[in-house]
Structures are given as C-alpha cells and as structure tokens.
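Trainee: Just need the structure, nothing else, for what follows:
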Amino acid sequence: MALTQRLEFRQSQSLVMTPQLMQAIKLLQLSNLDLTTFVEEELERNPLLERANDEPPAGEAQAEAGQFNDSDGGHNDEPGGGPGEAFEPGQEEWMSKDLGTRAEIEQTLDTGLDNVFSEEPAEAAARNAQDAAPTTYTEWGGGASGDENYNLEAFVAAEMTLGDHLAEQLSVAFTGPAQRMIGQYLIDLVDEAGYLPPDLGQAAERLGASQADVEAVLAVLQKFDPPGVCARNLSECLAIQLRELDRYDPAMQALVEHLDLLAKRDVGALRKLCGVDDEDIADMIGEIRRLNPKPGMKFGSARLQTMVPDVYVRPGPDGGWHVELNSDTLPRVLVNQTYYSQLSKKIGKDGDKSYFTDALQNATWLVRALDQRARTILKVATEIVRQQDGFFTHGVAHLRPLNLKAVADAIQMHESTVSRVTANKYMATNRGTFELKYFFTASIASADGGEAHSAEAVRHHIKQLIDSEAPAAILSDDTIVERLRTSGIDIARRTVAKYREAMRIPSSVQRRRDKQSALGNVLSTAMSDRSRNTELA
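Mentor: Residues are numbered from 1 along each chain as shown. I've put the predicted structure just below:
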C-alpha cells in the first residue's frame, strides 16, 4: 500500500459559537433582574443604544444638533445646512453690533435702563428669593415628583441592623479600648439570627488577649438587647432569656439542657429529669415555647426581593387560557440610527469608524436578541399552559407528568433551549405564582395500567392523607402506600418516605407524639377553664 499526497475539497456544515451567539444563549437563562442589570451596562457602554422612552425634547435635540455642528467649526458645508446654521450668523452679528450710547439704547428700547436693569444688588435679590415662602410643591423639594423616575424609597431612613444596634450598646458598656476591640470583634461574628460561632478559641489568639478577657466581654454582650443575643447555641440563648425573666431555676435548667428530648416530645423522660409533675412540666414547656429562638431576626439586615412574574396566565373569554408577557420585565431599547448616520459623515479616522460600526452591530444584535428571548419565553409558556390545562382548571391534583423533551418537540426547539428558558422565570396564574420548572415533574406509573401520575400530584395526595389522619389512627408509610395503590398510584414505600421528608413531614411515630401532646394540651386547657368557671359560679 503506497502513501501518496492529494488535495481534496469537502463541503460540510458546522455550528460556530460566536461571542454574540454565546451571549444570546446566556440571555435566555437570565432572570428579569439580571437582564435589567445587563441591559443597563450595555446602555452605558454603547453610545448607539438608548431606551425606548428616552426621547429628548425637540429643543434639546436641536441644541445637541447645534453642538454637533459646532464641533467641526460651527458651519455646515453641505447645501441646506443644519438647523443651527440660520441661528449662528444672527447670533454673531448681534454680538458684534455696537449698541451705541446710553441715550441711543433708551431711545431704541423706548424706556429707561433703570426700568430694565434693577439697581438692587444680586446678593440682595438672591437673599429675598430664599426668604420668600415657597408657593409650589416643587419649591419645597418635591420637584422630582413629576418625573417618572421619582423614587420615594430613596427618602426612607436606613434600617438599623443588628450589628449597629449592638455597637451602640458596646460604646456605652465599655470605656477601655481593649474591651471595645474585643467586643467589636465578637459583634462582627454574630450572624443574622443573633448567634456566635460555637468555638471562640481562636478569638483570643487573633486579638492577642487572654481567654478570660474574651469570656468577660462575652458575658457583658450576652446582656445586651435583644435578650438571648450573642449565644453560642440554642440552649444558651434560651437560658439567657430565662435569666432575664428570673425563671432559670434548677428544674428549668435541666429542661433547657435536654432540648433533644423536648424535640422528641418525650415528656416522661423530661418530667423525671426535672423532678416535677405533669402540670409543672406542661407550664415549663409553655414558657420555653414563648421564648424567641432567633432574637436577631427582628433586625432584618437583608431586604426581601419581591418576585416579579415574567408571564401572566388569565382565563380567556372562550373558556381557554390567555398567556401574555409581563411588559414591565422586558427592557425596551432602540438603536439610534440617526445618531450613527450623523457620525458616519463626520468620522475620518479608521479606528473611530470601526468602533462605531461594531457598536452598531452590537446594538442591533442586542435588540434582536431581546426580541427573540421574549418570543421564546412566550412560546414555551404557551405550550406549558396547553400541556397542563388540568392544573389551571382543577388544581395540583390534575398536574400531568411533563418533561423538557415533550415541550421541545411540540415547539420544535432543543431541550437545552427549553431548559434555559424555564430557569429563573415565573408564571402568575389563578392558583398562585410558580416557577416554570414547577410544571415539569416526574412520571409515576398507574397501578391499573392507565395514565401515569405526576410526582407533584402524588406529593399533594400524600399531604392530604396525612393532614386528614386522626390522632388515634396515624398512617404509617406502608399504610399510605396501600391507600395510594387503592387510588390507582403504584409507588414504593421508600418513595413515599422521600416525598414525606422533602415536604418536612415527620415520621408516623413523631406525628403520633405531636398530636397526642396537642390533644392533651387542649384537654388540660378545657378542664382548667371548666374548673375556673365552676369556682366562679
């Protein structure tokens, strides 16, 4: 077999991932907040890109055109000239004209100069203007209220954080700089719930102080407001609050030190450890429940962000569903073609010309990418509504199994595109606001060989069974499996346990203890009320 060299031509197709194509793919999975941030950066970077509602008034547009003409010497050599050409010669002629003597000026104006120009000094006029009472709302400082960008939240006082609140108390509690330094270091370690890390052994080493000094400062910090702050665990937090209420006796101390038994509702073991009877242990548990396990949460350091839906689904007049995009979440930008055409006539350097050419291409691409993104979201949302019509009509029990491939095949798109579109997007419906990924659930086979069931519908069914169970007849996971199979749902016991844990529903043993404890509290309250009424009678 001989080795030879030859030249061949082959024709093939391949997808080249250009930077613009990669950016367009990235735009699909951005949320509306991230998209707004991205568009704002592009508006600052690209001079040919502007908001759709940022059209300047006619006077400003003429002034900008005049400034543009002035940049080349103040004259337009083209026939017809610009809008500022007729004004500039007249202005220069008026500026260079000799006005004559005072008598000639007064004869021309047909009045005296004293009537035209006040003899009052400028300082006095400015002072009188400041002393005069404002007559309109804009003079009181509300001049921006007529603007669409007026933001009332900018005038709201900043919310005090937990760190600021503790720092104010620190400046009063200590006078020594070393103690203040240790206290501020510990305050910086406090999380939003008001807790310190369990191990403070490195604090003394980093600060160059003794462990006794750190413990002394910590003891003072734990007396700060709110009660229970700067604790290292839940037991210490509750103990601090009980000391504040003068209720930290030995029995309560034993209860606080065994919170694990309280979480298990093991009242019998707690009663033995505390050495009290049933009535006292019930009162002690009631006091524990009235305490605040997270004292620092009332100082909200992070502001909650309102979830803004990207798609609205409303009932249609024909009995169907009307799907529309939320226009408030769609950035409206335009390409300033007029500005580019004016610049193209004035630019002489090749570097400047290539820069504005690239800017025009990027601006045009961004407008098209935003439009394509909106169309894709609307197309995917419409198909989801069509596939999950039973959910919108009857509720979560009628949610059908759905995957990305089914939607992608229906709208003739790739699964990855549908996955990116459904990420970080929300749909407002008559049953609440849901993420688009909520409607994609796994399939669970039917026991009788019929239509498969959605995993979300099965979880909803399990929750209904558990919520309706009686305290004397708690359903185990095996019993739930049997009842689901009776309803036509073929599911394994471990799947039931997994769904139950995902919904944070305790086991049957724990639920039996909780409901019996709640029932006992209700009965004891009823008996005490009855005895009180009998005594009053």
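Trainee: any idea of the mean pLDDT for stretch 29-40?
Mentor: For stretch 29-40, mean pLDDT is 89.
Trainee: which parts of that stretch are buried?
Mentor: By neighbour count on 16 or more other C-beta atoms under 10 Å, the buried set for stretch 29-40 is 29-32, 35, 38-39. C-beta here means a position set from N, CA and C on the backbone, and glycine is covered the same way.
Trainee: phi, psi of Gly395?
Mentor: Main-chain torsions, Gly395, degrees, to the nearest 10: phi 120, psi -170.
Trainee: Mind pulling up the pLDDT for the closest residue to it other than its chain neighbours?
Mentor: Using C-beta to C-beta, 6 or more residues apart in numbering and skipping the chain neighbours, the partner closest in space to Gly395 is Arg431 (6.7 Å). The score at Arg431 is 87. That number is its pLDDT.
Trainee: so where's the stretch 101-250 of the chain shaky on pLDDT?
Mentor: 101-159 (pLDDT under 70).
Trainee: from the buried residues of stretch 29-40, which is closest to Ser210?
Mentor: Of all the buried residues of stretch 29-40, Ser210 sits closest to Ser31, with 50.2 Å by C-beta to C-beta.
Trainee: Could you tell me which residues make contact with Ile384?
Mentor: 402, 407, 427, 436, 439 (C-beta atoms under 8 Å, 6 or more residues apart in numbering).
Trainee: Check the burial of the first one by counting its neighbours.
Mentor: In this case it means Leu402. Using other C-beta atoms under 10 Å, Leu402 is surrounded by 20 other residues.
Trainee: Isn't the residue nearest to Gly395 up against His394?
Mentor: No - between Arg431 and His394 there is no contact under C-beta atoms under 8 Å: 9.9 Å.
Trainee: any idea where the strands of the protein begin and end?
Mentor: 49-51, 311-315, 321-325, 333-335, 426-429, 432-435, 443-444, 453-454 (DSSP state E).
Trainee: Pull the distance from the last one to the chain's centre.
Mentor: Distance, stretch centre to chain centre, for strand 453-454: 31 Å (C-alpha atoms, centre = their mean, to the nearest Å).
Trainee: Indicate each strand paired with it and its parallel or antiparallel sense.
Mentor: Its sheet considered, strand 453-454 pairs with strand 443-444 (antiparallel) by DSSP bridges.
Trainee: Ok, the second one next?
Mentor: Strand partners for strand 311-315, identified by DSSP bridges, are recorded as strand 321-325 (antiparallel), strand 426-429 (parallel).
Trainee: Repeat that for the first one.
Mentor: Each strand pairing with strand 49-51, determined using DSSP bridges, is listed with its direction: strand 333-335 (antiparallel).
Trainee: Can you give me the buried ones in the strand it pairs with?
Mentor: Using 16+ other C-beta under 10 Å as the test for burial, strand 333-335 gives 333, 335.
Trainee: what does stretch 467-479 give?
Mentor: If you call a residue buried by 16+ other C-beta under 10 Å, then stretch 467-479 has these buried ones: 469, 474-475, 477, 479.
Trainee: which helix of this structure spans the most residues?
Mentor: helix 350-387 (DSSP state H).
Trainee: Same question for that one: list its buried residues.
Mentor: Neighbour-count burial for helix 350-387, counted by 16+ other C-beta under 10 Å, picks out 356, 359-360, 362-363, 365-367, 369-370, 373-374, 376-385, 387.
Trainee: and what of stretch 482-500?
Mentor: 484, 489-491, 495-496, 499-500.
Trainee: which two in those are spaced the farthest apart?
Mentor: That would be Asp490 and Arg500, which, of those, are the farthest apart (C-beta to C-beta) at 17.4 Å.
Trainee: If we only consider the buried residues of stretch 467-479, which is nearest to Val421?
Mentor: Closest to Val421, out of all of the buried residues of stretch 467-479 and judged by C-beta to C-beta, is Asp477, at 37.2 Å.
Trainee: The closest one reaches Ala497, doesn't it?
Mentor: Yes - taking C-beta under 8 Å as the definition, Asp477 is a contact partner of Ala497 at 5.3 Å.
Trainee: can you map out the helices along the stretch 151-300 of the chain?
Mentor: Assigned by DSSP state H, counting those that start in this stretch, the stretch 151-300 of the chain shows helices spanning 162-173, 177-189, 201-207, 211-221, 234-244, 250-256, 259-263, 267-274, 278-289.
Trainee: How about the stretch 401-537 of the chain?
Mentor: Going by DSSP H, counting those that start in this stretch, the stretch 401-537 of the chain shows helices at 404-411, 415-421, 455-467, 477-486, 493-502, 508-536.
Trainee: could you give the angle of the fourth one to helix 455-467?
Mentor: Inter-element angle recorded for helix 477-486 and helix 455-467: 120 degrees (by axes from the mean of the first three to the mean of the last three C-alpha atoms, to 10 degrees).
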